[in-house]
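Asker: Model the following, please.
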Amino acid sequence: MAEKKVSKSLERVVAETAMLAGETMLIAGAEISRVEDTMNRILDYSKCESHTAFVLATGITLTLDSEEGLITMSKRVPDRTTNINRIYLINNVSRALSAGKMDIYEAYSEIKKIKNVRQFTGILYGLSFVGVALFFTMMLGGDFTDCMVAGIAGLAMAVTQWVLTPFGFNSFFLNMISTLSMALTAVGFKKFFLPGINIDLVIIGGIMPIVPGVVFTTAMRDTLNGDYTAGVSRMLETGVVAFAVAVGVALAYVIL
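Answerer: Numbering: from 1, shown residues only. Coordinates of the predicted model:
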């Protein structure tokens with residue numbers, strides 16, 4: 001006997017679209033007020049009497065008072081990164097939906113594509129570690145040799161992250177081992193090959209690819225917007241990253 005296919009109501013599709021958009025933006029590092037604003041723009045499409053989007057740094061809850069009853073959804077979001085491109089794309093979708101340039105089904109399909117979009121390839125992402133380390137060392141006053149060593153140290157960090165990421169290590173361990181790899185490379189060059197390099201500038205430039213500057217800025221924006229729970233949570237996240245970096249550099253000096 002064939003199974004009966006049940007179609008979803010418009011309100012439920014709207015709720016699922018808003019949840020998917022909010023989850024994608026939160027993972028991409030958007031501030032709380034932006035996530036809630038985008039979700040509410042999508043929920044407005046339902047034309048229901050009331051709806052609420054409640055977002056924290058690690059989870060989302062929404063309610064929609066529809067004709068079929070109260071629709072409530074919640075989603076835990078444990079993983080976060082920084083991907084401004086995804087935030088920008090979902091912002092465009094929500095505004096196109098509000099302006100009547102697309103319907104909710106097109107918006108849902110578009111957001112599903114955005115959730116998995118990658119702006120940069122793995123190789124280009126790895127090369128960015130080299131470029132950031134090299135040019136920050138140059139900006140801080142390092143000479144040609146310092147910059148080249150910083151670039152090699154940045155490459156060591158990128159390779160370490162590429163190797164360890166598939167194993168699912170938590171961010172503290174991943175950042176600590178990546179920094180350790182970078183610092184061991186820099187200190188190794190100082191001790192065995194190029195004793196004249198400025199090791200301080202090399203290491204400062206080398207840690208820049210994982211310094212959580214965007215997360216810190218987002219934490220300040222959340223705090224100033226009154227989202228104190230998210231602000232404190234993200235501020236604590238930046239502290240954990242900074243501690244992981246410090247431990248990694250210290251271990252390199254202990255080892256070598």
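Asker: which residues of the chain fall in strands?
Answerer: 51-56, 59-66, 69-76 (DSSP state E).
Asker: partner strands of the last one, parallel or antiparallel?
Answerer: Just to be clear, that refers to strand 69-76. strand 59-66 (antiparallel) (DSSP bridges).
Asker: Which residues in the strand it pairs with does the neighbour count mark as buried?
Answerer: By neighbour count on 16 or more other Cβ atoms under 10 Å, the buried set for strand 59-66 is 60, 62, 63, 64, 66. All C-beta spots, glycine's among them, are computed from the backbone N, C-alpha and C.
Asker: Redo these as TSV? Include distance to residue 41 and pLDDT.
Answerer: Listed next are these as TSV, based on distance: Cβ to Cβ, whole Å; pLDDT from 0 to 100:
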residue	distance to residue 41	pLDDT
60	15	92
62	13	92
63	16	90
64	14	86
66	17	76
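Asker: Of these, which is the nearest to residue 209?
Answerer: residue 60 (29.2 Å; Cβ to Cβ).
Asker: So that closest one is in contact with residue 19, correct?
Answerer: Yes: Residue 60 is within contact range of residue 19, at 6.5 Å (criterion: Cβ atoms under 8 Å).
Asker: shared neighbours of those two, which are they?
Answerer: Counting by Cβ atoms under 8 Å, 6 or more residues apart in numbering, the shared contacts of residue 60 and residue 19 are 39, 73, 75.
Asker: so where's the stretch 151-256 of the chain uncertain?
Answerer: By pLDDT under 70, the stretch 151-256 of the chain has no low-scoring segment.
Asker: how about the helices in it?
Answerer: 171-188, 199-207, 213-224, 228-255 (DSSP state H, counting those that start in this stretch).
Asker: and these, which is most packed in?
Answerer: helix 199-207 (a mean of 24; mean count of other Cβ atoms under 10 Å).
Asker: I'd like to know which elements that one is packed against.
Answerer: Other helices and strands packing on helix 199-207, by 3 or more Cβ pairs under 8 Å, 6 or more residues apart in numbering; DSSP states H and E, are helix 122-139, helix 144-164, helix 171-188, helix 228-255.
Asker: Show me the domain layout of this protein.
Answerer: Following automatic domain parsing, one gets these domains for the chain: 10-115, 122-255.
Asker: roughly how far is the last one from the heart of the chain?
Answerer: Right, the one you point to is domain 122-255. Relative to its chain's centre, domain 122-255 lies at 16 Å (Cα atoms, centre = their mean, to the nearest Å).
Asker: before we move on, what about stretch 104-121?
Answerer: That offset, for stretch 104-121, works out to 16 Å (Cα atoms, centre = their mean).
Asker: buried set for that stretch?
Answerer: 104, 107, 108, 110, 111, 114, 115.
Asker: Tell me who's in contact with the fifth one.
Answerer: Contacts here follow Cβ under 8 Å, 6+ apart; on that basis residue 111 touches 17, 20, 21, 24, 90, 93.
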